[in-house]
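Asks: Fold the stuff below for me.
(one chain, ligands or ions: 1)
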Amino acid sequence: MANSGRVLKFHGGCRLKIRIFALAKELGLDSKELIQHCNDAGLSVKNSALASISPAERDLVLDHLKRLKSGTVAPTTEPEVDISAPVREDASGVTRQIRDLAGGGPLASKVEQRRAPRKEKAVEAKEEPLVAETQDATPLEESAPEEVVETSSEQQEESVETTPPEVEEVPSGMPQVVEAPSEIEVEPAIAEHVEPATPAEPPVASAEESDESESEPEPEPTEKQVDPGTPAMSRSDYIDPTGGSSTGSGMREMRPQGSMRHRQPRKDKKKGPALPALASTPNYKPPTPKKKEEGPVLKPDVALTGDVLKKNKLADILKKNRDDTRKKSEEESGDARRGKSGSRGLSLEEARKSRRSKRKRRGGDEDDHVIVKTNKRSRRNSPIERKTEAVVMSPMTVRSLSEAMGRPARDLITVMFKHGEMVTINDPLEDEMALEIAMELGVDLEIEHEADFEDTLMDRLDRRDEDFDVELVQRPPIITVLGHVDHGKTTLVDRIRTTNVVDSEAGGITQHIAAYQVAHNGSKLTFVDTPGHAAFGEMRARGANVTDMIVLVVAANDGVMPQTVECISHAKAAGVPIIVALNKCDLPDINEQKVLTDLSQHGILPSEWGGDVEVIRVSALTGTGVDDLLETLLLTAELQEYKTAEDIPAEGACLESFMDEGRGPIAWSIVRRGVLKIGDIVSCGQAYGRVRAMYDDKDQELTVAGPSTPVRIAGLSTVPNAGSRFFVMDDIDEAREIAETREDRGRAAVLATRGGPMSLETFFAHRDGSIQDLPLILKADTPGSIEAIRHELEKFEHDEVKLKILHEGVGGVNESDVYLAASSGAIIIAFHVIAEDRAEALASQEGVQIRRYKIIYNVTDDIRQAMEGMLKPERVEVQTGRALVLRTFSISRTGTVAGCRVLNGTIDRNNRVHVIRDQTILNNYGIASLKREKDDAKEVREGFECGIRLDGFNDVKEGDLLEAYRIEERKRSLDE
Ligand SMILES: Nc1nc2c(ncn2[C@@H]2O[C@H](COP(=O)(O)OP(=O)(O)OP(=O)(O)O)[C@@H](O)[C@H]2O)c(=O)[nH]1
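Replies: Numbering: from 1, shown residues only. Take a look at the predicted model:
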């Protein structure tokens, strides 16, 4: 009952309200400034531009401003100090200290004035905890100004009588105030989020505080939690707008000397502070004639340079290299045959001599060309250019690094060896390892990377706006609606659109992203309804984040659910304003306080609790509060000033795409900048084409689509991936080229996917015990089928391998199943159902296996097989033959050879051998050599004699029995 009453009061009150934002605008002030003036005027206004005051309060503020102007009120010079210090401190202690230090005056009196109600509340809360508790959502703070007026007059009277010593006498008084809301588990969360927002203490105040704290040990954080006047708290206090601690801690990072950079730095790239700027080093290139002379070691190698990979012609180059090598060796052997009269040794000697004389003639300067071949002596004699700074392109090989650094390859190989890596000159090198080597060799190495195609393209497309001298215009905000399943997202969007999409959704569940535009009080708003946070994350991951604001829908009866928490994470990561729509407020079993508490525990601190998130009570079903929500969204949009240019080539993002039977590929997109027109050439992911037709969300044809307009585009070459950005281009050929390059790169990326999607065969074959989980997604025609399959599969319980059913559902395989499988490496079992076209295409693109079955036992057989394949195989010894040692021969440097006769079976060179002496197995050894007479033998059969030398065992004696065996791996079964 209390709750429904509250909803009514909220709506009733809102008509009389004057928004701080609007008043500030009217007065030509900043909202924050105005809030401060309000507080100076003795009002308690929450720190939000969306906060509101009554007309009477407005007059008070105007009066205050007038007095300020006329000079009757001393202006506040240090607003931060003025507001923050008193608010966060104990009412009795710090205030006095500030006043003393400042010599009293208007500042201190204002502070005292602001604290009076709080002191009163402290006492009141102590004496009447029940009263405090029933002030529900607003611990020590009022959301409705009317309520403030009602209660504050009495409170202020009391507060006059409540002298500071009285408060000091009851140190538990303040904690008790805090405990009123803590009964509804609000406190910890508030503390968690208010704390970082607290501005830095002025040093004097801190000193005083510490003095005070000796006599009045009141926990400071507790006060912060409940303080209604917590000042100057902005969104950035909660969400780091930079997305992390990019500024660093100021501590030097311990990492190998050197740096990596991209060849074509992006526009916003910051210069790394770690190293001084290096002059670009000339690329080291040994002259070609030298290589010819130095034989195969110095032959030009196929260095895995960026160029090679970029041009995607590695296979061609390798083939050409092989052909060249073959041709050269044929020529050389021809030469050798032709010069048979002279000895080969002589010609080599001649070659060496001529090389030496040439080198002499040239002098030592060019000796760095033969770094790899230079021995110690020649190195001492010839000055090699040992670089202290070098630049190398990644990916690289040992050779290319050696050349770049002017260091012999063997020095590099030695360093690698010390790190436990055995490499050859042509092996590829990881960037990290290259930096490590460079550091050990005292070279300041800079690693360059080929600029990524997409990065370069996006950079170019993003920058082209700079060429246009355009005027920015206001555009409608794009609002994404997120929330737990069934909390009413689609119903809310339906209500806003006054349509009914919910009823047309399969199973009432949103399957695809959809975008709509509505008008409210003459202003437009664009809404994006998502099937869940995953789709939103996907959209963001692909750089198609079009969202300006997020409406987080939370059902007031259900509260914060796991998916709500995930949505909060997504919303926070997006770094855009969040507005909570507390939905289903029409239901009787709602618990607003719990929802607000849960939200604050997850970092969403309602503005009525001193936070910066507006919580609007709505009922999507009845429409209550929807206007208020829209008004709040528009106000927030006005505050954020979403502007864009119109006279530039259009750009946007494709939210959804599908193949329409009549119209062909359709991209459901949102225009972000510019105006999209019929006939524009568009590049969108792997699709391109001219815009043939455009439709709005009601399927009405459009000829132009301005910024923030949701539009379905027809005319593309193929169905683009949802989440792709689209750009209007000048040249259709260029658009085609981009699309083709993307297609090629997409294919290569799928091929290069490591550890991603798996096939059931992979599981069959994985017998090394490296995979322990078999993740499955189960889709079937009926719940009964799912139940039956699950029942059968549960029988395959095993300690070593586990079956994980990640998701099960009735119906065909959809894209969401494929996305889930792709990200988790799961197999999709489709029992009596098929995959949707788009899911099928996505699965082949992502490499996800969809296995279709009609018979339940085929499902279980395959899964059993896969699970058995995952079991580590059993290793068994299979005896192959026995040999008796007749004589032993000790050979210096080689060891002892046992002369044996094979008694039965065969002895194979690859066998291992048990040495048996006096019916006791001494140990087992590998066979180092197996000979028949003097020749190496692969195997020796029964009745024959042979010589066996064991690996690591020379103490073999006459009469010993050598029992040969091989190791066989036997597949294990789940039943064992
Ligand atoms: N009583 C009441 N029921 C509501 C309200 N809003 C939505 N519902 C009901 O909640 C159910 C789920 O609503 P949807 O709009 O489909 O929820 P959704 O969050 O879009 O669900 P998904 O599309 O599956 O993510 C429907 O039966 C709605 O009628 C509301 O304000 N009050």
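Asks: residues contacting residue 470?
Replies: By C-beta atoms under 8 Å, 6 or more residues apart in numbering, the contact set of residue 470 is 645-648. Glycine gets a C-beta too; all of them are placed from N, C-alpha and C.
Asks: Can you pull the residues of the stretch 351-500 of the chain lying near the ligand?
Replies: Counting by C-beta under 6 Å from any ligand atom, the positions of the stretch 351-500 of the chain adjacent to the ligand are 483, 485-491.
Asks: Which of those sits closest to residue 786?
Replies: The closest of those to residue 786 turns out to be residue 485 (C-beta to C-beta; 18.8 Å).
Asks: So what does the closest one have for phi and psi?
Replies: Phi and psi for residue 485, reported as degrees, to the nearest 10, are phi -60, psi 140.
Asks: quick one: the strands in the stretch 801-950 of the chain?
Replies: Secondary structure of the stretch 801-950 of the chain (DSSP state E, counting those that start in this stretch): strands at 802-810, 827-831, 850-853, 874-891, 895-908, 912-917, 920-932, 935-936, 939-941, 945-950.
Asks: Can you list the buried residues in the third one?
Replies: Neighbour counts using 16 or more other C-beta atoms under 10 Å place 850-851, 853 of strand 850-853 among the buried residues.
Asks: Same check on the first one?
Replies: When burial is assessed from 16+ other C-beta under 10 Å, strand 802-810 yields the following buried residues: 803, 805-809.
Asks: repeat for the fifth one
Replies: Burial within strand 895-908, assessed by neighbour count using 16+ other C-beta under 10 Å, is assigned to 895-900, 902, 905-908.
Asks: And those residues, which is the shakiest by pLDDT?
Replies: For the buried residues of strand 895-908, the least confident position by pLDDT is residue 895, scoring 87.
Asks: Might one say that it is in contact with residue 949?
Replies: Yes - here residue 895 reaches residue 949: they are 5.9 Å apart, a contact under C-beta atoms under 8 Å.
Asks: picking that back up, quick check, nearest of the buried residues of strand 895-908 to residue 969?
Replies: Using C-beta to C-beta, the shortest approach to residue 969 within the buried residues of strand 895-908 belongs to residue 908, at 16.9 Å.
Asks: pLDDT below threshold where in the stretch 501-650 of the chain?
Replies: With pLDDT under 70 as the threshold, the stretch 501-650 of the chain has low-confidence stretches at 501-513, 531-544.
Asks: in it, which spans are strands?
Replies: With strands called from DSSP E, counting those that start in this stretch, the stretch 501-650 of the chain shows them at 514-520, 523-529, 549-555, 578-583, 614-617, 643-645.
Asks: Within the sheet, what are the partner strands of the fifth one, with directions?
Replies: It refers to strand 614-617. Strands that pair with strand 614-617, judged by DSSP bridges, come out as strand 578-583 (parallel).
Asks: I would like the residues contacting the strand it pairs with, please.
Replies: For strand 578-583, with C-beta under 8 Å, 6+ apart as the criterion, the contacting residues are 483, 487-488, 491-492, 549-556, 568, 571-572, 592, 595, 599, 604, 606, 613-620, 629, 632-633, 636.
Asks: redo that, cut-off 6 Å
Replies: The contact list for strand 578-583 (C-beta atoms under 6 Å, 6 or more residues apart in numbering) reads 488, 550-556, 571, 613-618, 620, 629, 632.
Asks: Give me the contact status of it with the ligand.
Replies: Yes - part of strand 578-583 sits near the ligand under the criterion C-beta under 6 Å from any ligand atom, namely residue 583.
Asks: after the lowest-mean-pLDDT helix or strand in the chain comes which helix or strand?
Replies: Among the secondary structure pieces of the chain, namely its helices and strands, helix 2-14 has the lowest mean (mean pLDDT, DSSP states H and E), a mean of 34. Following helix 2-14 in sequence order, the next helix or strand is strand 18-19 (DSSP states H and E).
Asks: tell me what whichever helix or strand comes after that next one is packed against?
Replies: Proceeding C-terminally, strand 18-19 gives way to helix 20-27 as the next helix or strand, assigned by DSSP H and E. Contact here means 3 or more C-beta pairs under 6 Å, 6 or more residues apart in numbering; DSSP states H and E; on that basis helix 20-27 packs against helix 31-40.
Asks: List the strands paired with the next helix or strand after the helix it packs on, with their directions.
Replies: Toward the C-terminal end, the helix or strand that comes next after helix 31-40 (DSSP H and E) is strand 52-53. Here strand 52-53 has these sheet partners by DSSP bridges: strand 18-19 (antiparallel).
Asks: quick one, what contacts residue 938?
Replies: residue 909.
Asks: domain assignment for the protein?
Replies: Dividing the chain into domains by the TED database, as the record does, gives the ranges 18-66, 389-451, 470-645, 646-752, 771-870, 874-970.
Asks: Worst mean pLDDT among those?
Replies: Taking each of those in turn, the one with the lowest mean pLDDT is domain 470-645, at a mean of 80.
Asks: Now do the end-to-end distance for that domain.
Replies: One end of domain 470-645 sits 6 Å from the other (C-alpha to C-alpha, to the nearest Å).
Asks: can you check stretch 421-431 too?
Replies: With C-alpha to C-alpha as the measure, the ends of stretch 421-431 fall 15 Å from one another.
Asks: tally of neighbours for residue 481?
Replies: Applying the criterion other C-beta atoms under 10 Å, we find 25 residues in the vicinity of residue 481.
Asks: Please apply the same query to the one 4 residues further on.
Replies: For residue 485, the number of neighbouring residues by other C-beta under 10 Å comes to 13.
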